[in-house]
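> coords please:
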Amino acid sequence: MTLPTDFDEREISLAVLQALDPDEDLTPEELDVRAWRLGQLLEHGYELEHAMEIARADHVDLGVATALVAVHGCSSRLAVRILL
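Coordinates of the predicted model:
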């Protein structure tokens, strides 16, 4: 996975921890899926805070979410407003 260079490892690690939200009762498999969703959103151009919101929203179709930003040119902020 290649992430934008303007994120440092600490910032990404904190975002992953927040996106995985240890207060939720998730199985290890669900945690893996959420971490993967976050990575996919970041790779497709989402801003970190917006990627965390969408990664948590299991009802949001990841293909639609990534296409809004990567294909259709929406800002990640607008994509969050559309999807949530």
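
> count of neighbours near residue 26?
15 (other C-beta atoms under 10 Å). Heads up, the C-betas are built off the backbone N, CA and C, glycines and all.

> any idea whether it is helix, strand or coil?
What DSSP: H, G, I helix; E, B strand; the rest coil gives for residue 26 is coil.

> Surely it and residue 34 touch.
Yes - under the criterion of C-beta atoms under 8 Å, residue 26 makes contact with residue 34 at 7.1 Å.

> Do you know the pLDDT at the residue of the chain positioned farthest from its centre?
Most distant residue from the mean C-alpha position of the chain: residue 25, 19.0 Å away (C-alpha atoms, centre = their mean). Model confidence at residue 25, given as pLDDT, is 76.

> And it, how far from residue 35?
Look at residue 25 and residue 35: by C-beta to C-beta, to the nearest Å, they are 16 Å apart.

> count of neighbours near the closest residue in space to residue 57 that isn't next to it in sequence?
Spatially, and ignoring its direct neighbours in sequence, residue 57 is nearest to residue 84 (6.1 Å; C-beta to C-beta, 6 or more residues apart in numbering). For residue 84, the neighbour count with other C-beta under 10 Å is 13.

> repeat for residue 57
The number of residues packed near residue 57 is 15, by other C-beta under 10 Å.

> Likewise for residue 81?
Neighbours around residue 81, by other C-beta under 10 Å: 11.

> What's the separation between it and residue 50?
10 Å.

> For residue 8, give me the pLDDT.
Residue 8 carries a pLDDT value of 65.

> which residues of the chain score low on pLDDT?
Under the criterion pLDDT under 70, the flagged ranges of the chain are 1-15, 17-23.

> Going along the chain, name the helices of it.
Counting by DSSP state H, one finds helices in the chain at the ranges 9-20, 28-43, 48-56, 62-70, 76-83.

> winner for burial among those helices?
helix 48-56 (a mean of 22; mean count of other C-beta atoms under 10 Å).

> how close does residue 59 get to residue 73?
24 Å.

> actually residue 84, sorry about that
For residue 84, the distance to residue 73 equals 19 Å [C-beta to C-beta].

> and if you look at residue 31?
For residue 31, the distance to residue 73 (C-beta to C-beta) stands at 31 Å.
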